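Enquirer: A predicted structure for the sequence below; I have some questions about it.
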Number of protein chains: 2
Amino acid sequence: MRDVLPDEVELRDTATHAIVGVYRSHGFRRIETPALESLRLLVGSEGGENEKLIFKVLKRGDELQSAVARGDGELADLGLRFDLTVPLARYYAENQARLPDPLKAIQIGPVWRAERPQRGRYRQFTQCDIDVVGVGGLVTEVELILATCEALARLGLTGLTVRLSDRRVLTLIARHCGFAADRQSSFFIAFDKLDKIGREGVLAELRAAGHDPDALTRFERLLPALLDQETSLASLERALTPRAEDLVAFESLAAILAVVAPELPTGARVVFDAALVRGMGYYTGTVFEIGSPAFPASIAGGGRYDKMVGRFLGRDVPACGFSIGFERLIAILGERGDRRGVLARPATEGVRRIALLVNDDTALPRALQAARALREQGDLVSLEVRRKNTRKQLDDLTAHGFSDYGVVEAGKSAATVKPLRQPG
Amino acid sequence: MRDVLPDEVELRDTATHAIVGVYRSHGFRRIETPALESLRLLVGSEGGENEKLIFKVLKRGDELQSAVARGDGELADLGLRFDLTVPLARYYAENQARLPDPLKAIQIGPVWRAERPQRGRYRQFTQCDIDVVGVGGLVTEVELILATCEALARLGLTGLTVRLSDRRVLTLIARHCGFAADRQSSFFIAFDKLDKIGREGVLAELRAAGHDPDALTRFERLLPALLDQETSLASLERALTPRAEDLVAFESLAAILAVVAPELPTGARVVFDAALVRGMGYYTGTVFEIGSPAFPASIAGGGRYDKMVGRFLGRDVPACGFSIGFERLIAILGERGDRRGVLARPATEGVRRIALLVNDDTALPRALQAARALREQGDLVSLEVRRKNTRKQLDDLTAHGFSDYGVVEAGKSAATVKPLRQPG
């Protein structure tokens, strides 16, 4: 967890403003869920490894005392959300009658994971999700992908690659190789590590997990095709010889690829990637990620999870979402030095940030009047107590982004505002 | 804790946008602190009753196991922040070298208190604070009060009353009556309940607490003057007969009243209120609240807390803040029906919210093109899968704020956009 300084908050606000603007223009609306959810809800949500990282909140009062007395380990009843998807499913189930149908939701907010802190990874971080709940069909996937690409492009990210697969194709791969039906998630978890531990690492992990050696051989034989970014969807389809009822996943992927490609921002592309797994157990159909040459890992990821709302509502509801890794995005924008660059909000562009140095308390009434007049022109005006070392004070103000200053003394006429430093 | 639906999020965003805009124009900048702080830091922060309401986070892994084994009750190591002031003091102490001096901070974010839920009170709620850390003098109090009044006025709140006192005057009252020096906080806590339990209730509580009967008699004699909103600062000063070194509080209050009054928004007023206590133990000087005829309790409150940063930094740093009760504000604005009224953001005013009904997947490419063209004109466009009962679908879209619609079919020319309902 960490503090955010004013410059970075402004960068984050600017990025949020741009992203929300794009999503709103696509008909999405912001919603909010609380940070704390019932622990029972968070555990068993198929959130994969993330469930192990829940910050648990101690019971209170009598309940805590009796839990301690019982000594059965049920000390907590609430948990901090580890993503925005599980809370969304609960939110939809509880509020459905008052929500648009389908719900097209924007969520931007902090999530918490009790990970060991490391560079670029924090135990509190911001996620930025859009989800469509309540309707199936291609429109959803297409809109999620295009809106997210547009948001990233709006922030100046270029050369975006959208990678696309389908959890059902992954299941076919597992079945084709002959991995036992009840061991498929173990296969997915190993396969998902391909980026990190490579081909040999994945094979070693599968071997160690005691998978059927024949399945391993068949998987090894299929691997070159799975790894080849140019393997077309059609050729994988031929290799896997799907049954008629399994063709729908291939058809859906082909249609999304065809419809999305011509609508992408300039320089962006969409590809089928058979090796795209995505960690969560809750995905049921399409999965996707967006990468950029500016960052080694993916910047955004998501997919279809048609079974999750059913856990809360008792009947399945189609749902699909896309999540921007907001902290990664901010890291990229920060390194690009966008603090006062491309991202400067129109609202503050050309606006003067003026420090009015108030000589002493007797000058305060005059300073208030001067500040009000300047604000009415659209300037940002900060009253500052004048220090003895005015020269040093002006240097500090410059360092913290002030552009102009004035000095107000009692009895003198209104302050003259001068630029703090010469341009260039 | 509760979910926030799209209409309310938009109201909240609009209010936030207006408030931050005003505060920024006064030279304040947003900062962010994490939701979780070390429990040790939160406990013992003189946060009054709020410290008892901390949501505590269970230790993890080995640390939890050994804490359970020891059975000494130290099961938690982190806590959710119960306000934004204690974290700000820690933030300032840790980041001082990289922050502007003085720091003029805006904080808007959730805080958590494990209260019994009741109408209008939630266990997660948003606070909206401005603070100035690092400089003393009148400028700070004056700017905090004027900026906050301007923000509330910008949101359409009228008839604002700023009530002002000073913790040092309160101490003088206690001393004048003869309450024991080490029992003053017990006196403050009872006096603070004047609004709720009335004059007799306060006296009964003081009696029950075993205060000196003579002090009680003197306090009872002083009460009419303390309760009289028209009691001038000068007449209370005469009644209390302060020593020369205690005059500074009266002088400071008089100066703030004189400087603030002419600069307030139209219809707002500032008064001295000897009965203004404010719950927190950490206040050291000026305290203030803002009330409105639209709401029984105060909408904003704050004060000077010159000793808090010293707990973290080892030396005292002047600090003063003002906190808007954001949930109360939203309740007032919501009841006033501001969802699409006074507060409509310029950015969305006059913008069409268009639903493009996509007949089937084959119409999708054409729909995407039409949507893009409309967005380029500034419209918000949502692609929606056309339902069999289109009439019902159009009613639903109207109910959720869409203004226009079009239907897109494959092979037809571009969609015609029509208003969803006749005006008036």
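Expert: Yep, it's here. Residues are numbered from 1 along each chain as shown, chains lettered A, B, ... in the order given.

Enquirer: what residue ranges in chain A are flagged as low confidence?
Expert: For chain A, the stretches with pLDDT under 70 are A:47-48, A:73, A:119-120, A:229, A:337-349, A:414, A:422-424.

Enquirer: swap in 80 and give it another go.
Expert: In the predicted model, chain A carries pLDDT under 80 at residues A:44-50, A:71-73, A:117-121, A:195, A:228-231, A:279-281, A:336-350, A:412-415, A:421-424.

Enquirer: so in it, which helix runs the longest?
Expert: helix A:6-25 (DSSP state H).

Enquirer: any idea of the angle it forms with helix B:6-25?
Expert: 150 degrees (axes from the mean of the first three to the mean of the last three CA atoms, to 10 degrees).

Enquirer: is chain B within reach of helix A:6-25?
Expert: Yes - Helix A:6-25 is in contact with chain B by CB under 8 Å from any CB of the partner chain, via A:6, A:9-10, A:12-13, A:24-25. Any C-beta I mention is one placed from the backbone N, CA and C, and that applies to glycine too.

Enquirer: each with direction, which strands does the helix or strand following that helix pair with?
Expert: Downstream of helix A:6-25, the next assigned helix or strand under DSSP states H and E is strand A:29-30. The pairing partners recorded for strand A:29-30 under DSSP bridges are strand A:103-112 (parallel).

Enquirer: quick one: distance of the following helix or strand past the strand it pairs with to the chain centre.
Expert: Elements were assigned by DSSP H and E; along the chain past strand A:103-112, the next helix or strand is strand A:124-133. Offset of strand A:124-133 from its chain centre (CA atoms, centre = their mean, to the nearest Å): 5 Å.

Enquirer: mind saving the C-alpha coords of strand A:124-133 as CSV?
Expert: Output in CSV follows, covering the C-alpha atoms of strand A:124-133 (Å, rounded to 0.1, in the frame of the first residue of the first chain):
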residue,chain,number,x,y,z
GLN,A,124,-4.1,-1.9,-2.7
PHE,A,125,-4.5,-1.1,-6.3
THR,A,126,-7.0,0.3,-8.7
GLN,A,127,-9.0,-1.7,-11.2
CYS,A,128,-11.0,-0.2,-14.0
ASP,A,129,-13.6,-2.5,-15.4
ILE,A,130,-16.5,-2.5,-17.9
ASP,A,131,-19.0,-5.2,-17.9
VAL,A,132,-22.2,-6.0,-19.7
VAL,A,133,-24.6,-8.2,-17.7
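
Enquirer: and the angle for it with strand A:103-112?
Expert: Counting by the same axes, to 10 degrees, strand A:124-133 lies at 160 degrees to strand A:103-112.

Enquirer: hmm, A:Gly159 is touching A:Ala268, no?
Expert: Yes - with contact defined as CB atoms under 8 Å, A:Gly159 counts as touching A:Ala268 (7.4 Å).

Enquirer: for the two, indicate the residue with more neighbours.
Expert: Between A:Gly159 and A:Ala268, counted using other CB atoms under 10 Å in any protein chain shown, the more crowded position is A:Ala268 (23 against 11).

Enquirer: need the contact list for that one.
Expert: A:149, A:153, A:159-162 (CB atoms under 8 Å, 6 or more residues apart in numbering or on different chains).

Enquirer: how many residues are close by the closest residue in space to A:Asp404 that isn't next to it in sequence?
Expert: With CB to CB, 6 or more residues apart in numbering or on different chains as the measure, A:Ile354 is the residue that lies nearest to A:Asp404, at 4.5 Å, once sequence neighbours are left out. A:Ile354: 27 surrounding residues under other CB under 10 Å.

Enquirer: doesn't A:Ile354 belong to a strand?
Expert: Yes - assessed by DSSP: H, G, I helix; E, B strand; the rest coil, A:Ile354 belongs to a strand.

Enquirer: that one contacts A:Val407, correct?
Expert: No - using CB under 8 Å, A:Ile354 makes no contact with A:Val407, being 11.5 Å away.

Enquirer: show me the contacts for the nearest residue to A:Thr398 once chain neighbours are set aside.
Expert: Using CB to CB, 6+ apart and skipping residues adjacent in sequence, the residue nearest A:Thr398 is A:Leu420, 4.8 Å away. Residues near A:Leu420 by CB under 8 Å, 6+ apart: A:355, A:394, A:397-398, A:402-405.

Enquirer: again, only using 7 Å
Expert: By CB atoms under 7 Å, 6 or more residues apart in numbering or on different chains, the contact list for A:Leu420 reads A:394, A:397-398, A:402-405.

Enquirer: select only the buried ones of these in ChimeraX?
Expert: Entered in ChimeraX, the line below selects the buried ones among those, by 16 or more other CB atoms under 10 Å in any protein chain shown:
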select /A:394,397,402,403,404,405
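
Enquirer: for A:Glu220, give me its contacts.
Expert: A:Leu203.

Enquirer: can you check A:Ile354 too?
Expert: Contacts of A:Ile354 were listed using CB under 7 Å, 6+ apart, and they are A:374, A:379-381, A:402, A:404-406, A:417.

Enquirer: among the residues you listed, name the ones in strands.
Expert: A:380-381, A:404-406 (DSSP state E).

Enquirer: need the buried ones from the residues of helix A:6-25 next to chain B selected in PyMOL.
Expert: Command for PyMOL that selects the buried part of the residues of helix A:6-25 next to chain B, burial taken from 16+ other CB under 10 Å:
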select buried, chain A and resi 6+9+10+12+24+25
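
Enquirer: what is the nearest of the residues of helix A:6-25 next to chain B to A:Leu194?
Expert: Taking CB to CB as the measure, A:Arg12 is the one of the residues of helix A:6-25 next to chain B closest to A:Leu194, at 32.2 Å.

Enquirer: tell me the domain ranges of chain A?
Expert: A:6-335, A:353-419 (automatic domain parsing).

Enquirer: output those in a markdown table, with distance to B:Ala254 appended to each entry.
Expert: Formatted as a markdown table, the domains of chain A follow (distance: least, CB to CB, whole Å):
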| stretch | distance to B:Ala254 |
| --- | --- |
| domain A:6-335 | 34 |
| domain A:353-419 | 12 |
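
Enquirer: which one of those domains lies closest to B:Val385?
Expert: domain A:6-335 (5.2 Å).

Enquirer: quick one, what contacts the nearest residue to A:Leu152 once chain neighbours are set aside?
Expert: In this structure, A:Leu152 finds its nearest non-sequential neighbour in A:Leu160, 6.0 Å apart by CB to CB, 6+ apart. Residues near A:Leu160 by CB under 7 Å, 6+ apart: A:149, A:152-153, A:268, A:290, A:292.

Enquirer: show residues contacting stretch A:384-393.
Expert: For stretch A:384-393, the surrounding residues in contact (CB under 7 Å, 6+ apart) are A:355-359, A:407, B:135, B:137, B:139.

Enquirer: do stretch A:28-43 as well
Expert: By CB under 7 Å, 6+ apart, stretch A:28-43 touches A:20, A:51, A:54, A:56-57, A:76-82, A:86-88, A:90-91, A:104-107, A:109-110, A:130, B:1-6, B:9, B:13, B:35, B:110, B:124.

Enquirer: could you pull out the buried residues of it?
Expert: A:28-37, A:39, A:41-42.

Enquirer: now do stretch A:250-262
Expert: A:250, A:252-253, A:255-257, A:259-260.

Enquirer: close to chain B, is that stretch?
Expert: Yes - legend: contact between stretch A:250-262 and chain B by CB under 7 Å from any CB of the partner chain is shown at A:255, A:259.

Enquirer: export only the CA atoms of that stretch, formatted as CSV.
Expert: In CSV, the C-alpha atoms belonging to stretch A:250-262 read as follows (Å, rounded to 0.1, in the frame of the first residue of the first chain):
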residue,chain,number,x,y,z
PHE,A,250,-14.8,-21.3,-33.3
GLU,A,251,-17.7,-19.5,-35.2
SER,A,252,-18.0,-16.9,-32.5
LEU,A,253,-14.2,-16.2,-32.4
ALA,A,254,-14.1,-16.0,-36.2
ALA,A,255,-17.1,-13.5,-36.2
ILE,A,256,-15.5,-11.3,-33.5
LEU,A,257,-12.2,-11.2,-35.3
ALA,A,258,-13.9,-10.2,-38.6
VAL,A,259,-16.1,-7.5,-37.0
VAL,A,260,-13.5,-6.0,-34.7
ALA,A,261,-10.6,-5.8,-37.1
PRO,A,262,-11.8,-3.0,-39.4
